[in-house]
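1. Quick one: sequence and predicted model below, then my questions.
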Amino acid sequence: MTDILDPLKFTPSSETRFKLATGERMRDYQVRAAHKLFTGEPAMDMATGKKTGPERDGTAVHIDPGLGKTIIGLTAIVEWFRFGIITKPVLVVAPIKVCETVWRQEAREWSHTQHLTFSLIRGNEKDRAFALARPAHVHLVNPEMLPWLQKQLRQDWSKYDALIIDESSMFKDNRTKRFRVLTNYGTRAVVKGPDGKALKCPLTGLTTLIGPHRFKRSGVLTGTPSPSGLQNLWAPFYIIDHGRRLHKSFDTYQGRFFRKGQKVAAHIYKYELNPEEDEMRPEWETRDGSAERIHELIADTTIELNAEDYGVLPKVLDPVKHYIELPPKVRENYRLLEREAVFEMLQNPIIAANGGAKSNLCWQICNGAVYITDEYGKKKWDEIHTEKIDKLVELVDSLDKHSLIPYHFNHDLERITTRFQKEGIPYAVLRGKNSEAIIDRWNSGGIPNLLIHPQSAAHGLNLQFGGHTLIWFSTIWSLERYLQTNARLARSGQREIVGLHVIMARNTTDEIRYESWFERGDEMARFRAATLKYQKQMGIDLGAMPVFPQANPFAGLGL
């Protein structure tokens, strides 16, 4: 085994690993990261802290977007098979767009990975079953499909020798079903005998449970390891070492490294004021020295790759803000709603960002349309202004460059495509089963304007060859998706300076979302800081809550 893990045997001359089209060789840092994935780390004994064999814990590759995490994973897979470490398929869990395009596309481009075969598990029940049974080096599945896959495997993951999670931030929350399904965490499956009854240990009388499956090799890849704070690290690391480093229980991890404010009485906490924010701190904050201790604990199984250290990513210009003004009638009604929305955001920024009624309505108004329910209970949208659409058309015409255009609401997409058709502006929308063909056309220069949704297209996609300009039609709350979407163009292979343009409604909650991208801290701290700035800027008095004369204050504006 020692010979197999010898770096010299794993890293022959780079001539064997090059891009077929350009002859470009794998970079040294990519080979080092692939080798770390390949070897893993000897499993750590929880009691003594000593490392034992032959079981191995997985590897976390924290790599800035654009530095090539997919080819790192593919190279490790090739070597696992080449050295006989694994003989069964590798399970790759990734966002659906990445499953559909990136892994297979990237494998075809490199000399040492072009022979790999893939099976994409998606579609209807029959298609999925065939894909699961199809022989292949790699099985690709999106996180939403994991419960179905677990059911098909009867909770026995031994069909796969290795696991790679492409974008571990999808598993940052240990309460999600996808995490619990993949790890059996908190929901240990009961072992049943031939009679259908639960088996029990003859000595203790306790029910026999199925513990978490141990893959021969595992790895998590991400460009944003802790998008909302260090609490996000626990779940991805549990996947690769089953709690050996950051504890088997999330509650234990949270209790050891984080704290709440001063406890006044049961279930009541007195939070400290944060002088920089003039507002209460987040519910949980790290204890003194905890951040350093966490990084010390995970250092042996983590490889950090920062773009600044390698100078391979293109320059990204600061965003250019393009303001629009809300029409007078819309602005008048918007101001009534805004005070309640700001109050809602200060009370609970997370809820506001994930479906708060008032803040969500303000968001839609900024973009130009609102969802309503008609007399038959059917959801539809009404357009209330076209200012952002007008500005988008103006920018597309004036920039005269191939542009990536992120949108948020479905009515954004419908209104943009309708207007582009009317103006004769060529475009494509990145969605559906033909995503791979659309990406190929975009990268070959065949699509001047590509509409994408940050939620489905923010991770992993290689779009750097088709353009170098992003026009954000809608601001969004998520810093992670903002950075990841920008990284679709600002990545290795981009030969131009990347330009960012953001269309915003002046003096609206658009500015809160925009400013939150540049605030420090976790999600709650960033949202609160940006919202407080806006409240002071606009002189919003939260003591005077408006009362709407009607359910929809924008009805009948005729705009």
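-> Perfect, thanks for sending it. Numbering: from 1, shown residues only.

2. can you map out the strands along the stretch 51-200 of the chain?
-> Under the criterion DSSP state E, counting those that start in this stretch, the stretch 51-200 of the chain carries strands at the ranges 51-57, 59-63, 90-93, 118-120, 138-141, 162-166, 189-190.

3. With the stretch 401-550 of the chain instead?
-> Ranges of strands in the stretch 401-550 of the chain, per DSSP E, counting those that start in this stretch, are 403-406, 428-429, 449-452, 469-472, 499-505.

4. could you dump the ones you listed to JSON lines with distance to A299, mean neighbour count and mean pLDDT?
-> C-beta: built from backbone N, CA, C; applies to glycine. Listed next are the strands of the stretch 401-550 of the chain as JSON lines, based on distance: least, Cβ to Cβ, whole Å; neighbours: other Cβ atoms under 10 Å; pLDDT from 0 to 100:
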{"stretch": "strand 403-406", "distance to A299": "35", "mean neighbour count": "25", "mean pLDDT": "95"}
{"stretch": "strand 428-429", "distance to A299": "43", "mean neighbour count": "18", "mean pLDDT": "93"}
{"stretch": "strand 449-452", "distance to A299": "36", "mean neighbour count": "23", "mean pLDDT": "94"}
{"stretch": "strand 469-472", "distance to A299": "35", "mean neighbour count": "23", "mean pLDDT": "96"}
{"stretch": "strand 499-505", "distance to A299": "34", "mean neighbour count": "22", "mean pLDDT": "95"}
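
5. mind checking which of those strands is nearest D382?
-> D382 lies closest to strand 499-505 among those, at 17.1 Å (Cβ to Cβ).

6. Parallel or antiparallel, list what pairs with that closest one.
-> According to DSSP bridges, strand 499-505 forms sheet pairs with strand 320-324 (parallel), strand 469-472 (parallel).

7. What's the separation between L67 and A457?
-> Computed with Cβ to Cβ, to the nearest Å, the distance linking L67 and A457 is 19 Å.

8. These two: who's more crowded?
-> Using other Cβ atoms under 10 Å, the more surrounded residue of L67 and A457 is A457, with 27 against 24.

9. Check the more buried one and give its pLDDT.
-> As predicted, A457 sits at a pLDDT of 73.

10. What residues does it make contact with?
-> Shown in contact with A457 (Cβ atoms under 8 Å, 6 or more residues apart in numbering): 97, 430, 485, 488.

11. and which of these is nearest V312?
-> Nearest to V312 among the contacts of A457, counting by Cβ to Cβ, is R488 at 16.0 Å.

12. How much space separates the nearest residue to that closest one once chain neighbours are set aside from G493?
-> Leaving aside its sequence neighbours, R488 sits nearest to L463 (Cβ to Cβ, 6 or more residues apart in numbering; 4.3 Å). Remark: distance between L463 and G493 (Cβ to Cβ) = 10 Å.

13. got a markdown table for the strands of the stretch 51-200 of the chain, with mean neighbour count and distance to L336 too?
-> Output for the strands of the stretch 51-200 of the chain, formatted as a markdown table (neighbours: other Cβ atoms under 10 Å; distance: least, Cβ to Cβ, whole Å):
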| stretch | mean neighbour count | distance to L336 |
| --- | --- | --- |
| strand 51-57 | 14 | 56 |
| strand 59-63 | 25 | 45 |
| strand 90-93 | 26 | 45 |
| strand 118-120 | 19 | 49 |
| strand 138-141 | 23 | 47 |
| strand 162-166 | 25 | 45 |
| strand 189-190 | 13 | 53 |
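
14. Out of those strands, which is closest to E436?
-> Among these, the nearest to E436 by Cβ to Cβ is strand 118-120 (10.5 Å).

15. Now do the closest one: everything it contacts.
-> Contact with strand 118-120 is made by 89, 99-100, 103-104, 107, 131-132, 134-141, as judged by Cβ under 8 Å, 6+ apart.

16. Pull out the buried residues from those residues.
-> Buried residues within the contacts of strand 118-120, defined by neighbour count using 16 or more other Cβ atoms under 10 Å: 89, 99-100, 103-104, 107, 131-132, 137-141.

17. In TSV: the residues you listed, plus pLDDT and distance to E480.
-> Formatted as TSV, the buried ones among the contacts of strand 118-120 follow (pLDDT from 0 to 100; distance: Cβ to Cβ, whole Å):
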residue	pLDDT	distance to E480
P89	96	29
C99	89	19
E100	86	21
W103	93	21
R104	92	25
A107	94	26
A131	94	29
L132	94	31
H137	96	30
V138	97	26
H139	97	26
L140	96	22
V141	96	22
